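Asker: Pasting the sequence and the predicted model now:
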Amino acid sequence: MLQIRGLDVYYGAIQALDQVNINVAEGEIVAIIGSNGAGKSTLLRTISGMIRPRQGAIEFKGEDITKVPAHEIVQRGIAQSPEGRRIFTNMTVHENLQLGAYIRKDAQIESDLEAVLDRFPRLRERFKQNSGTMSGGEQQMLAIGRALMTRPKLLLLDEPSLGLAPLLVAEIFRIVLDLNADGVTVLIVEQNANRALEIAHRAYVLETGKIVLEGTGQELRNDPKVKAAYLGG
Ligand SMILES: Nc1ncnc2c1ncn2[C@@H]1O[C@H](COP(=O)(O)OP(=O)(O)O)[C@@H](O)[C@H]1O
Ligand SMILES: [Mg+2]
């Protein structure tokens with residue numbers, strides 16, 4: 001579904017991604033693990049068309065999207081739930097979810113909204129609440145819900161568990177599994193390597209802009225280098 005070949009991304013003179021190759025097949029959960037500053041967010045922002053690579057190509061469903069504008073990439077079926085959630089904190093839950101559907105003109109927006117509220121009962125409870133007053137976990141659910149309102153085929157999740165209490169982390173990962181079971185392909189980046197590798201079919205390790213390891217979630221969880229560097233020994 002997604003094929004990334006030889007991706008080089010720079011911020012001015014600083015190289016953030018170096019010859020990155022990644023594949024995501026339809027129906028998979030693929031995880032990218034890596035420490036702070038490894039280039040995980042840069043990778044997702046490049047896929048979404050918010051950053052342009054200096055080299056390399058990104059194909060989605062057999063089409064080159066390397067130079068496609070960000071709004072059109074959303075229309076083609078890629079949605080991102082950004083790091084730090086980036087919801088509109090001065091707007092209600094309802095308004096944030098409506099913004100997720102702004103690119104759509106079809107008749108299923110209301111039924112998709114109901115489906116998102118079914119999936120996230122906390123958002124239904126807080127439908128008219130100003131989203132800035134919600135907890136971190138609820139804001140994370142809203143960010144994912146907003147991404148779902150674009151009807152994505154591929155969902156990009158940037159550190160959805162960051163800063164959340166353990167119970168909420170478990171809930172977020174369960175939701176990711178549910179979404180995947182309902183047919184959404186997922187590319188998730190996480191510093192929480194243990195959890196991410198648990199749910200991932202396949203995973204890649206990103207270190208200072210380079211992919212240094214890849215394998216099934218299980219293989220990487222058993223890899224001595226991964227254990228030492230990312231799973232707390
Ligand atoms: N807007 C930016 N301008 C300059 N450098 C950036 C910018 N965003 C990220 N970087 C640098 O690119 C590298 C990768 O960052 P990032 O993709 O945010 O890593 P991660 O998400 O894995 O923590 C880091 O060295 C970071 O300092
Ligand atoms: Mg990041």
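Answerer: Cool, got the structure. Ligands and ions are numbered 1, 2, ... in the order given.

Asker: tell me which element the residue of the chain found nearest ligand 2 falls in.
Answerer: At 3.1 Å from ligand 2, Ser41 is the closest residue in the chain, using C-beta to the ion. Using the backbone N, CA and C atoms, a C-beta is placed for each residue, glycine as well. Secondary structure from DSSP states H and E places Ser41 in helix 40-47.

Asker: One more: Val116?
Answerer: Taking DSSP H and E as the definition, Val116 sits inside helix 109-119.

Asker: name the helices or strands packed onto that helix?
Answerer: Using 3 or more C-beta pairs under 8 Å, 6 or more residues apart in numbering; DSSP states H and E, the elements in contact with helix 109-119 are helix 93-100, helix 121-125, helix 136-148, helix 166-181.

Asker: Run the angle between it and helix 166-181 for me.
Answerer: Inter-element angle recorded for helix 109-119 and helix 166-181: 140 degrees (by axes from the mean of the first three to the mean of the last three C-alpha atoms, to 10 degrees).

Asker: Pull out the buried residues from stretch 43-57.
Answerer: Neighbour counts using 16 or more other C-beta atoms under 10 Å place Leu43, Leu44, Arg45, Thr46, Ile47, Ser48, Gly49, Ile51, Pro53, Gly56 of stretch 43-57 among the buried residues.

Asker: Are stretch 152-169 and ligand 2 in contact anywhere?
Answerer: No. Judged by C-beta under 5 Å from the ion, stretch 152-169 makes no contact with ligand 2; its nearest approach is 5.9 Å.

Asker: what does the average pLDDT come to for that stretch?
Answerer: Across stretch 152-169, pLDDT averages out at 93.

Asker: Check stretch 54-63 too.
Answerer: The model assigns stretch 54-63 a mean pLDDT of 98.

Asker: go on, stretch 180-192?
Answerer: 95.

Asker: Endpoints of that stretch, how far apart?
Answerer: Stretch 180-192 has an end-to-end distance of 19 Å (C-alpha to C-alpha, to the nearest Å).

Asker: give me the low-pLDDT residue ranges for this structure?
Answerer: The model of the chain has pLDDT under 70 over residues 233.

Asker: residue nearest the centroid of it?
Answerer: The C-alpha lying nearest the average C-alpha coordinate of the chain belongs to Leu157 (C-alpha atoms, centre = their mean; 1.4 Å).

Asker: Show me the beta-bridge partners of that one.
Answerer: With DSSP bridges as the criterion, Leu157 is bridged to Ser81, Ile188.

Asker: Which helix or which strand is home to the closest residue to Ile211 other than its chain neighbours?
Answerer: Closest residue to Ile211 apart from its sequence neighbours, by C-beta to C-beta, 6 or more residues apart in numbering: Tyr204 at 5.1 Å. Using DSSP H and E, Tyr204 maps to strand 202-207.

Asker: That strand pairs with which strands?
Answerer: In the sheet, strand 202-207 lines up with strand 29-33 (parallel), strand 210-216 (antiparallel) (DSSP bridges).
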